[in-house]
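Novice: I'll drop the sequence and a predicted model, then ask my questions.
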Amino acid sequence: MAQLRVRVSPKAARTQVVGVDIEGTVAIRVAAPPHKGLANKELIDFLAKRLGIRKSQIELISGKRSRLKVLEIQGMNAEQIRGRLQEG
């Protein structure tokens, strides 16, 4: 199990990983608006696909209404997560 810090930019042209800052926070643009939790849902859907895991293995533990979020990811360690997020 690992935690992942994410800075989300909603209402983007497409959902994609933008990069990682010096503190290890992953910047992700999501196409969904931040209305009624749509951006959070798209973030979890995107991460599940990108990481090759089930959505149920990802839990939003803080930042539900913030751009800065902390997610808990089960079944993977931090190295595996970084590697899969950096892939094409």
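Specialist: Perfect, I can see it now.

Novice: going forward, measure contacts between C-alpha atoms and count neighbours the same way
Specialist: OK.

Novice: which elements pack onto the host helix or strand of residue 41?
Specialist: Assigned by DSSP states H and E, residue 41 belongs to helix 38-51. Judged by 3 or more C-alpha pairs under 8 Å, 6 or more residues apart in numbering; DSSP states H and E, helix 38-51 is in contact with helix 78-86.

Novice: check what contacts the helix it packs on and list those residues.
Specialist: 2, 3, 4, 17, 50, 51 (C-alpha atoms under 8 Å, 6 or more residues apart in numbering).

Novice: show me what counts as buried in the helix holding residue 41.
Specialist: Neighbour-count burial for helix 38-51, with 16 or more other C-alpha atoms under 10 Å as criterion, is recorded at 39, 40, 41, 42, 43, 44, 45, 46, 47, 48, 50, 51.

Novice: what are the contacting residues of whichever strand in the chain runs longest?
Specialist: As assigned by DSSP state E, the longest strand anywhere in the chain is strand 2-9. Outside strand 2-9, the residues that touch it by C-alpha under 8 Å, 6+ apart are 24-30, 67-74, 76-78.

Novice: so where's the protein uncertain?
Specialist: Scanning the chain with the threshold set as pLDDT under 70 gives 88.

Novice: now, among the contacts of helix 78-86, which is nearest to residue 63?
Specialist: residue 4 (11.9 Å; C-alpha to C-alpha).

Novice: which residues does the closest one bridge with?
Specialist: Bridge pairing for residue 4 (DSSP bridges) gives the partners residue 71.

Novice: now do the longest strand of the chain: distance to the chain's middle.
Specialist: Averaging C-alpha positions (C-alpha atoms, centre = their mean, to the nearest Å) puts strand 2-9 5 Å from its chain's average.

Novice: that one: which residues count as buried?
Specialist: Buried, per 16+ other C-alpha under 10 Å, within strand 2-9: 3, 4, 5, 6, 7, 8, 9.
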